[in-house]
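> My questions concern the predicted model and sequence given below.
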Amino acid sequence: MSETGRPATAALPRAMVPRDITRIHFVGDPRIAPDARRVAFVVTTLSQERDEYLSNIWMVDVAGGEPRRFTTGPRRDLAPRWSPDGTRLAFLSEREPKQKAQLWVMPAEGGEPVRLTDLKNGVSAPEWSPDGRRLVFVSRVGGWQEPESEEDRRKSKPPRIITTLKYRFNGEGFIHDRRAHLFVIAADGGDAPRQITDGDFDDLDPTWSPDGRWIAFSSARHADRDHDDGSDIWLVTPEGEGLRRLTDTAGPVALPAFSPDGRRVAYIARRRLNEFGRNLGVFTTPTEGGAVTCLTAELDRSCGPLGVRPLWAPGGDAITFAAEDQGSLCVYRVSALGPKPPEPVVGGERVVTGFSADQAGRLLAFVATEPTAPPELFVCGADGSGERQLTELNRAWTQEVALAAPERFRFERDGYRVDGWVMKPFGFVPGGKYPALLNIHGGPHTQYGLGFFDEFQVYAGAGYAVIYTNPRGSQGYGEAFTRAVVGDWGGGDVADVLAGLDEAVRRHDVIDPDRLGVLGGSYGGFMTSWIVGHTDRFAAACSERAVNSQASMFGTSDIGHIYNVVELGGPFPWEDMARYLERSPLTYAKNITTPLLILHSEDDLRCPIEQGEQLFVALKKLRREVCFVRFPDENHELSRSGKPRHRLERFRILLDWFAKYLQKPERGAP
């Protein structure tokens, strides 16, 4: 045996490299069976050879045992949903070449799946009726039809006639003529799906009432929907009749869930229009109409970030939901009967990514991840007791790879307490000095969390200390903290980030202050472009999918005409163009001397590629050191869900760029 306790022949853990993202099993969407005996969940891997994501549904017994693959689709099987009696499993599958995900059903004990739909725009959000005879789902209706004949394909495409502001969406493309509507279909596949909503609206999040007489859904159907972010909970019968609004268009709403007696609906909402950075809360309202009640007013955190419906206890006396908290993402439980503070059920220094409950409400299945552990499946009691881990699909990989554990630090600045973390580089030697990368998150109303993040592990594996913070504007620290950045992009937020860098350098001798890089995407890209326009402290930088020109983004982004206006403090460009220019990194391009890598996706509709183009051209005209990398056929989500080969190429380009300017022999290291 060696001094470390390992067998002398055992290989030492190695550094994480970009290609390791193709070896990780990403566990998600846990669905516990009604009888609490099994959990269905999705396992996703990245295939470099096929350049696509591959997903299958797996099963594991709650009592323990080896997880087993349940579906064997050739591409992606997703969204497992148990029938109420637990005998069948509905799911979405991309089984046919070039066909979008369709709805399938198969026996829970295994067997041949039956395809229920064949819709050109695919299917999402399936939900069983209480009697198990039908399912409701969402599908887009309309859109341009691909010509069938070669002669017709050679003809010009028709023009798009646009009359609405919200006519396209990142990751979806043009949606003005493809609205999302609800469909109902028999679970035995005996009938064609029946469309039950229509109109120039998007209808989402359908769910059934306990008696099967109503379907609740979210939709923006009010007159001013083009100019605000409001929406409502609506009710409609499974036959498409009796449509009525349940809420009062006070703000955005999502994820309705009927109480067990059907008399109330819980949902996630913000009761303010166009006020980003406000907490989302858990609300209830009577199904017959009446007062709205906020159940989470005493929890100064934003709720519902996972896209999971509020879960009612079988007796209707409590609701389980998720909320962000200081880098963690936890599961809480709150009384549905009276004003009591929510209590944590699943907490700790980790990030929960999904959860569900059994029919009796006794058990929760959830997926959680930690900085040095990719997501795995767990189960616990409804109160959080008796937690057990059910899967270890990444055990072999985590034993092979040395993953860096972040060290949290906190500091006070300008009356706020700010969180930061440092990850030491792979193979660091005490007393050595190493280059460091300062990472800035997007949003700005998101948070860097305590979950596994492949980006940071790859950077640490490449020999960098990794620094990241949650400056003002971040979620998880209360509404006042999150709102503090509104109207002040490039102000207190930048000061927080740079103060965090100073604190990290002061506390960690491993960081070489002369070899610092900075990078970020989206709002983090804005921050990066802004910082290098105001300081030459960094040896190199990477601005990715950034906001560089507020004025042009107002009219070119899918959300810019609302989001950027609000985040700048409210004025339109024609009312205060000076403010748009003042808060645009492009305005300060003449001050940028830091070598800058600009990464952008050509199909990005959130921060359109013209944002990168403008800064690149300005820096080239100024004869500055700049490289512009454009990724074709990718959108704003490249680093998270882009094609595997593009994600690997992005890593290579980033690491080569920073190595050119930051990697030198470490002082004090052998």
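Perfect, thanks for sending it. Residues are numbered from 1 along each chain as shown.
> N439 pairs with what?
Y468, L519 (DSSP bridges).
> in what helix or strand does A79 lie?
strand 76-82 (DSSP states H and E).
> starting at the chain centroid, how far to that strand?
Chain-centre distance of strand 76-82: 18 Å, with C-alpha atoms, centre = their mean, to the nearest Å.
> what packs against it?
strand 26-32, strand 38-47, strand 52-61, strand 88-94, strand 124-128 (3 or more C-beta pairs under 8 Å, 6 or more residues apart in numbering; DSSP states H and E). To be clear about C-beta, it is placed using only N, CA and C from the backbone, and glycine gets the same treatment.
> The last one pairs with which strands, parallel or anti?
Sheet partners assigned to strand 124-128 using DSSP bridges are listed as strand 134-142 (antiparallel).
> could you give the mean pLDDT of the partner strand?
Averaging pLDDT along strand 134-142 yields 97.
> hmm, who's touching that strand?
81, 90, 103, 105, 116-117, 119, 121-129, 175, 177-187, 193, 195-196, 198, 203-204, 206-208, 215, 238 (C-beta atoms under 8 Å, 6 or more residues apart in numbering).
> re the thing from before, ok, and what's touching the strand holding A79?
By C-beta under 8 Å, 6+ apart, strand 76-82 touches 29, 31, 33-34, 40-42, 44, 53-57, 70-71, 88-94, 101, 108, 124-128, 135.
> switch to 6 Å and redo it
Residues from elsewhere that reach strand 76-82 (C-beta atoms under 6 Å, 6 or more residues apart in numbering): 31, 33-34, 40, 42, 55-57, 71, 89-94, 126.
> Spit out the contact partners of A125.
Shown in contact with A125 (C-beta under 6 Å, 6+ apart): 137-138.
> Let me know the pLDDT of it.
98.
> so what's A404 up against?
Counted by C-beta under 6 Å, 6+ apart, A404 has contacts 423-424, 460.
> Please pick the buried ones from the contacts of strand 134-142.
81, 90, 103, 105, 116-117, 119, 122-129, 175, 178-185, 187, 193, 196, 203-204, 206-208, 215, 238 (16 or more other C-beta atoms under 10 Å).
> Among those, which lie within helices?
Applying DSSP state H to the buried ones among the contacts of strand 134-142, no entry is found in helices.
> Show me what the helix or strand of the chain with the lowest mean pLDDT is in contact with.
Ranked by mean pLDDT, DSSP states H and E, the weakest helix or strand in the chain is helix 150-153, scoring a mean of 77. By C-beta under 6 Å, 6+ apart, the residues outside helix 150-153 that reach it are P147.
> Would you mind writing the CA trace of that helix as CSV?
Output of helix 150-153 as CSV, limited to C-alpha atoms (Å, rounded to 0.1, in the frame of the first residue of the first chain):
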residue,chain,number,x,y,z
GLU,A,150,-38.0,18.9,-55.6
GLU,A,151,-39.5,21.5,-58.0
ASP,A,152,-41.4,23.2,-55.2
ARG,A,153,-38.3,23.2,-53.0
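> what about the next helix or strand after it, average pLDDT?
Following helix 150-153 in sequence order, the next helix or strand is strand 168-169 (DSSP H and E). Averaged across strand 168-169, the pLDDT comes to 96.
> Strand 168-169 packs against which elements?
The criterion is 3 or more C-beta pairs under 6 Å, 6 or more residues apart in numbering; DSSP states H and E, and there are no helices or strands that strand 168-169 contacts.
> Direction included, what does that strand pair against?
Going by DSSP bridges, the partners of strand 168-169 are strand 173-174 (antiparallel).
> picking up where we left off before, residues of the least confident helix or strand of the chain that come out buried?
Buried-residue list, helix 150-153, by 16+ other C-beta under 10 Å: empty.
> Begin at 17 from now on, thanks
Understood, numbering begins at 17; the last thing we discussed is helix 166-169.
> out of the helices and strands packed on strand 92-98, which comes closest to L322?
strand 42-48 (10.0 Å; C-beta to C-beta).
> so where does Y348 fall, helix or strand?
Per DSSP H and E: Y348 is located in strand 344-351.
> Show me which residues of that strand are buried.
Buried-residue list, strand 344-351, by 16+ other C-beta under 10 Å: 344-350.
> What is the subsequent helix or strand relative to that strand?
strand 359-362.
> To what extent is Q630 buried, counted in neighbours?
17 (other C-beta atoms under 10 Å).
> re earlier: among the buried ones among the contacts of strand 150-158, which are in strands?
Among those, the ones falling in strands (DSSP state E) are 97, 106, 119, 121, 140-144, 194-201, 219-220, 222-224, 231.
> could you pull out the helices for this structure?
166-169, 411-416, 470-477, 495-499, 508-523, 539-548, 566-572, 579-583, 593-598, 626-637, 654-657, 660-678.
> what sits up against the longest one?
When contacts are taken as C-beta under 6 Å, 6+ apart, the neighbours of helix 660-678 outside the stretch itself are 34, 62, 64, 67, 451, 474, 478, 531, 533, 555-556, 558, 611, 613, 645, 647, 650.
> Buried subset of the residues you listed, written for PyMOL?
Selecting only the buried entries of those in PyMOL, with 16+ other C-beta under 10 Å as the criterion:
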select buried, resi 34+62+451+474+478+531+533+555+556+558+611+613+645+647+650
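> follow-up on the earlier one: and the angle from the strand holding A95 to strand 150-158?
Angle of strand 92-98 versus strand 150-158, following axes from the mean of the first three to the mean of the last three C-alpha atoms, to 10 degrees, is 140 degrees.
> How much space separates L28 from Q342?
34 Å (C-beta to C-beta, to the nearest Å).
> So for these two, which sits in the more crowded spot?
Taking L28 and Q342 together and counting by other C-beta under 10 Å, Q342 has the greater number of neighbours (20 against 10).
> Going by distance to R184, which of the buried residues of strand 344-351 wins?
Looking across the buried residues of strand 344-351 and measuring by C-beta to C-beta, the closest to R184 is L345, at 30.1 Å.
> can you count the residues close to the residue lying closest to A478 once chain neighbours are set aside?
The shortest distance from A478 to any non-neighbouring residue, by C-beta to C-beta, 6 or more residues apart in numbering, is to L671 (5.3 Å). By other C-beta under 10 Å, 19 other residues sit near L671.
> same question, the one 4 residues further on
Using other C-beta under 10 Å, A675 has 16 neighbouring residues.
> Kindly reformat the helices of the chain as CSV containing distance to A79.
Output for these, formatted as CSV (distance: least, C-beta to C-beta, whole Å):
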stretch, distance to A79
helix 166-169, 56
helix 411-416, 20
helix 470-477, 32
helix 495-499, 42
helix 508-523, 46
helix 539-548, 44
helix 566-572, 53
helix 579-583, 48
helix 593-598, 60
helix 626-637, 53
helix 654-657, 34
helix 660-678, 36
